[in-house]
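The following block contains a protein sequence and its predicted model.
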Amino acid sequence: MSSGLIYGCMGLGRWDGEALDAADRARAEAAVEAALAAGITRFDHADIYGHGTAEAVFGAVLAQAPGLRDRIQIQSKCGIRLGTADSPQMYDLRAHTVRARVHESLERLGTGHLDLLLLHRPDPLTPPEEIGAVLTALHDEGVVHAVGVSNMSAVQITALQRHTGPRLVANQLEMGLHRRAWLEGAVLVNTPASAEVGFPHGTVEHCRAEGIELQAWGALANGRFTGLPQDPGDEAVADLLRRLAEDQGTTPETVLLWWLQQHPAGVVPVIGTTSPERIASCSGAVDGSARLSHEEWYGLWVTARGGQLP
């Protein structure tokens with residue numbers, strides 16, 4: 001897989017249950033064009049995004065751009081079943097469900113295969129033997145070219161890999177300067193605060209050791225550090241990002257993404273904004289070459305956590 005950035009398509013669809021209209025298609029086309037112009041060629045979906053409309057509108061964009069499918073990589077996720085008036089939200093990785101959801105995604109996207117299929121959340125009720133068997137079958141059939149997971153720990157990945165023929169190549173986790181449990185857990189070992197972190201210790205290290213790509217959803221923190229602060233502490237981070245961006249001749253969004261990319265685990269941020277201008281502001285991180293000093297990187301971390309490291 002290539003490095004750089006992934007464009008997250010969750011915001012392209014409609015969550016209100018209404019049908020897609022011309023404005024939705026125009027917005028999706030503008031976002032995809034901005035991502036391509038920035039050099040992004042990997043696009044992240046899930047069957048539940050916009051209740052399927054994110055994949056559908058992306059498929060409409062593909063249909064209007066002959067040859068585009070051959071120039072990009074498409075990944076999608078399955079495994080979450082949203083709740084209804086008659087059913088609770090649940091996770092469902094049973095073989096027949098995974099197979100059905102993958103083919104539904106392919107139909108909406110208008111493509112014959114997924115470059116990568118991710119399991120969206122663990123399903124504790126379905127045995128890993130069953131999950132691994134359907135992943136292997138879909139891979140062998142050429143329906144999915146690679147398989148991975150999302151929101152799973154090292155132990156869960158190891159258990160699933162025992163029953164899956166193709167290697168699990170990616171794990172998508174919430175990672176960023178705002179959601180730092182993945183990082184805090186690595187330095188709070190043997191401190192009272194360790195129990196408060198909650199992130200499964202060793203997951204990042206396992207993925208790096210096994211060559212499993214770490215994809216970071218929520219990388220831009222919904223803009224809280226780059227224009228949409230949500231608490232007073234955000235302003236201090238925003239100020240530091242602006243100063244670093246000015247020094248480097250780039251944008252605060254790029255510096256924020258550099259912070260993730262600089263980790264030796266090779267984190268690949270997923271950006272989900274639908275604003276063409278904001279997508280363009282991330283273009284300095286597409287090549288994956290972070291340019292922060294050791295001191296600058298730690299300075300952002302300490303500022304975001306609002307206190308010194310132990």
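Looks like it arrived, so ask away. Numbering: from 1, shown residues only.

so where's the stretch 101-250 of the chain uncertain?
Scanning the stretch 101-250 of the chain for pLDDT under 70 picks out nothing.

tell me which element Asn171 is part of?
strand 168-174 (DSSP states H and E).

hmm, who's touching the helix or strand that that strand is followed by?
Remark: after strand 168-174, the chain's next helix or strand is helix 181-187, criterion DSSP H and E. Contacts with helix 181-187, where a contact means C-beta atoms under 8 Å, 6 or more residues apart in numbering, come from 173, 175, 193-194, 197-199, 201, 203-205, 263, 301, 305, 309-310. Quick note: C-beta positions are derived from backbone N, CA and C, even for glycine.

Just give me how far the helix or strand following helix 181-187 sits from the chain centre.
Counting by DSSP H and E, the next helix or strand C-terminal to helix 181-187 is helix 194-197. Its chain's C-alpha centre and that of helix 194-197 lie 24 Å apart, by C-alpha atoms, centre = their mean, to the nearest Å.

just stretch 154-167 next, same as before
20 Å.

Okay, buried residues for that stretch please.
Buried residues in stretch 154-167, counted by 16 or more other C-beta atoms under 10 Å: Ala154, Gln156, Ile157, Ala159, Leu160, Gln161, Thr164, Pro166.

same deal with stretch 88-107?
Residues of stretch 88-107 classed as buried: Tyr91, Asp92, Leu93, Arg94, Ala95, Thr97, Val98, Arg99, Arg101, Val102, Ser105, Leu106 (neighbour count, 16+ other C-beta under 10 Å).

Please enumerate the strands of the protein.
6-8, 42-44, 73-78, 80-81, 90-91, 116-119, 147-150, 168-174, 213-217, 268-271 (DSSP state E).

and of those strands, who's closest to Leu241?
strand 268-271 (14.6 Å; C-beta to C-beta).

For the closest one, which strands pair with it and how are they oriented?
Using DSSP bridges, the strands paired with strand 268-271 in its sheet are strand 6-8 (parallel), strand 213-217 (parallel).

just checking, which of those sits deepest inside the structure?
Most buried of the strands paired with strand 268-271, by mean neighbour count (mean count of other C-beta atoms under 10 Å): strand 6-8, with a mean of 26.

where's it relative to the chain centroid, distance-wise?
7 Å.

repeat for stretch 119-132
With C-alpha atoms, centre = their mean as the basis, stretch 119-132 stands 20 Å off its chain's centre.

before we move on, what about stretch 180-197?
23 Å.

Next: stretch 182-198.
On C-alpha atoms, centre = their mean, the centre of stretch 182-198 falls 23 Å from that of its chain.

how close does Val268 sit to Leu260?
Counting by C-beta to C-beta, to the nearest Å, the separation of Val268 from Leu260 is 8 Å.

what's the overlap in contacts for the two?
Ala216.

neighbour count winner among these two?
Val268 (24 against 21; other C-beta atoms under 10 Å).

does the more buried one have beta-bridge partners, and which?
In beta-bridge terms (that is, DSSP bridges), Val268 pairs with Gln215.

right, and it touches Glu213 too?
Yes: with contacts defined as C-beta atoms under 8 Å, Val268 counts as touching Glu213 at a distance of 6.1 Å.

Give me the pLDDT value at Ala290.
For Ala290, the pLDDT comes out at 83.

can you check the one 10 residues further on too?
Looking at Leu300, its pLDDT stands at 98.

Equivalent analysis for the one 5 residues further on, please.
Arg305 carries a pLDDT score of 95 in this model.

OK, contacts around Leu257?
Leu257 neighbours (C-beta under 8 Å, 6+ apart): Leu5, Ala219, Leu220, Pro269, Ile271, Cys282, Ala285.

could you measure it against Gly284, distance?
Distance of Leu257 to Gly284, given as C-beta to C-beta: 8 Å.

Distance-wise, check His139 relative to Gln248.
For His139, the distance to Gln248 - C-beta to C-beta - is 41 Å.

Mind checking which of the two has more residues around it?
The neighbour count for His139 versus Gln248, taken as other C-beta under 10 Å, is higher for His139 (18 against 15).

So that one sits against Pro166, correct?
Yes: contact criterion C-beta under 8 Å: His139 and Pro166 qualify, at 4.6 Å.

Quickly list what's touching both of these two.
Common neighbours of His139 and Pro166 (C-beta under 8 Å, 6+ apart) are Ala146, Val147.

Return the residues in contact with the spatially most central residue of the chain.
Closest to where the C-alpha atoms of the chain average out (C-alpha atoms, centre = their mean) is Trp217, at 3.6 Å. Trp217 makes contacts with Gly8, Asp44, Ser150, Gln172, Leu173, Glu174, Met175, Val270, Gly272, as judged by C-beta under 8 Å, 6+ apart.
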